[in-house]
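Asks: sequence first, predicted coordinates after that:
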Amino acid sequence: MVAQLEAADARLSAVHEQLNEQTGGGWETEGVVLETEISGQASIRVSVEDAKGTVTFSAELRPRNFFGDEDNPWQPGRPPLQMATDAWDLEGSIDVRFKTRVAGRPYTIQEQVHELEERRYDTPEAAAEAFAALCDELAELALSREATVIAWKPDAVEAKAGPPAPAEPAE
């Protein structure tokens with residue numbers, strides 16, 4: 001499992017370097033990291049994003065009960081949550097953040113332009129293997145277009161965000 005996570009880290013680190021070469025710099029990553037919270041929640045995450053946070057490629061592997069109980073959420077002062085070890089959820093995405101005008105006012109929009117569908121795995125080995133494969137898919141996607149917001153922003157956003165078209169005059 002560790003070898004698969006190290007391979008995913010190496011693959012996305014190489015993509016990070018390629019994106020910096022293509023754009024002249026400004027891309028950031030911490031690599032594949034284990035993130036733990038005081039609540040007891042833990043996940044394995046990776047993200048590669050430009051310095052402004054306008055284009056982000058990310059993946060996350062977490063225990064099935066990562067989000068806890070909606071009716072009784074964890075609160076500071078309580079014992080840490082026990083993370084499940086019987087199933088792991090994996091997902092990834094490509095997100096863009098950009099400014100546009102809506103009804104004449106400026107707005108910042110964050111949109112998930114590509115979702116790598118959430119999947120569940122019953123063994124840690126299968127989950128680690130799938131995480132590495134998802135990182136490979138994310139790496140291919142990251143290099144499939146120019147590394148800019150314009151290249152990743154959906155065309156339909158401008159049409160949705162703009163003011164309504166004027167009504168046609170009645171004849």
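Replies: Nice, thanks for sending it over. Note that the structure is a prediction, hence the values are computed from the model and not measured. Residues are numbered from 1 along each chain as shown.
Asks: so, low pLDDT: which residues of this protein?
Replies: Scanning the chain for pLDDT under 70 picks out the ranges 156-171.
Asks: residues of the top strand by length along it that come out buried?
Replies: The single longest strand within the chain, with elements called by DSSP state E, is strand 105-121. Neighbour-count burial for strand 105-121, with 16 or more other C-beta atoms under 10 Å as criterion, is recorded at L116, Y121. (Glycine included, C-beta is placed from N, CA and C.)
Asks: what's the burial count for C135?
Replies: 27 (other C-beta atoms under 10 Å).
Asks: for it, what are its contacts?
Replies: A8, R11, L12, V32, V46, A59 (C-beta atoms under 8 Å, 6 or more residues apart in numbering).
Asks: try 7 Å this time
Replies: C135 sits next to A8, R11, L12, V46, A59 when contact means C-beta atoms under 7 Å, 6 or more residues apart in numbering.
Asks: strands - which of these land there?
Replies: V46, A59.
Asks: need the max-distance pair from the contacts of C135.
Replies: Spatial extent of those (C-beta to C-beta) is set by the pair R11 and A59 at 11.1 Å.
Asks: helices along this protein, start to end?
Replies: Using DSSP state H, the helices of the chain run over residues 2-23, 124-142, 149-152, 156-161.
Asks: CA atoms only: put the third one into CSV for me.
Replies: Presented in CSV, the C-alpha positions along helix 149-152 are these (Å, rounded to 0.1, in the frame of the first residue of the first chain):
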residue,chain,number,x,y,z
VAL,A,149,-8.7,29.0,-15.9
ILE,A,150,-9.8,29.9,-19.4
ALA,A,151,-8.9,26.4,-20.7
TRP,A,152,-10.8,24.7,-17.8
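Asks: give the buried residues for it.
Replies: V149, W152.
Asks: which helices and strands does that helix pack with?
Replies: Applying 3 or more C-beta pairs under 7 Å, 6 or more residues apart in numbering; DSSP states H and E, one finds that helix 149-152 contacts strand 88-102.
Asks: just the longest one next, same as before
Replies: Under the contact definition 3+ C-beta pairs under 7 Å, 6+ apart, helix 2-23 sits against strand 27-29, strand 42-50, helix 124-142.
Asks: wait, doesn't W152 sit right on R145?
Replies: Yes. With contact defined as C-beta atoms under 7 Å, W152 reaches R145; the gap is 6.4 Å.
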